[in-house]
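*Asks:* What follows is a predicted protein model with its sequence.
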Amino acid sequence: ALEARLAEAHEQSELQFASFNAARREQHKEVAELKRVAEEREAGVEMLRAEAERLQLEVEKWQRLGKKCRSDRMRARAEAPPARRRLERALKLNISREMCIAKEGRVLEKVVNRTGSIEVCLVALCDGDRLL
């Protein structure tokens, strides 16, 4: 009877051990799967970081180019004589206003500065060259 109980206890312990091993193998599979998913996510994060860094460098490059172009324009304006700068600005503002009026097909009235009288003018429009 003692041997039968020992054999039964031994059989139960082997079944428990087999069950424990099966559960342990399942846990190892789950851990391996979780590691794989974590590595994939980490790789995705690294790709996104690299892309963000590349885009940041591109933005900085465009900002430098924009500042360079702007500084070149400002330098060219500053080197021009003041009378020329004033004249160019006045012409730009005046022509753009008159160009808009002419494009809309409205009557363009010019005020003569000396007399203050209004004259109706015939305006020839060259849109490609932006000339009146």
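*Replies:* Happy to help now that I have it. Numbers count the residues shown, from 1 in each chain.
*Asks:* Low-confidence ranges, the protein, go.
*Replies:* 90, 92-98, 108-114, 116, 118-132 (pLDDT under 70).
*Asks:* ranges for the helices of it?
*Replies:* With helices called from DSSP state H, the chain shows them at 2-79, 82-104.
*Asks:* can you list those in JSON lines and add mean neighbour count and distance to residue 115?
*Replies:* In this view, the C-beta of every residue, glycine as well, is placed from N, C-alpha and C. JSON lines is the format used below for the helices of the chain (neighbours: other C-beta atoms under 10 Å; distance: least, C-beta to C-beta, whole Å):
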{"stretch": "helix 2-79", "mean neighbour count": "10", "distance to residue 115": "34"}
{"stretch": "helix 82-104", "mean neighbour count": "12", "distance to residue 115": "19"}
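*Asks:* mind checking which of the ones you listed is nearest residue 117?
*Replies:* helix 82-104 (17.9 Å; C-beta to C-beta).
*Asks:* Tell me which residue of the chain is positioned farthest from its centroid.
*Replies:* Distance to the chain centre peaks in the chain at residue 1, reaching 82.7 Å (criterion: C-alpha atoms, centre = their mean).
*Asks:* can you tell me which residues contact that one?
*Replies:* Under the criterion of C-beta atoms under 8 Å, 6 or more residues apart in numbering, residue 1 has no neighbours.
*Asks:* Tell me how far it lies from residue 40.
*Replies:* The gap separating residue 1 from residue 40 is 58 Å, by C-beta to C-beta, to the nearest Å.
*Asks:* now residue 55
*Replies:* 23 Å.
*Asks:* again, but for residue 19
*Replies:* From residue 19 to residue 40 the distance is 32 Å (C-beta to C-beta).
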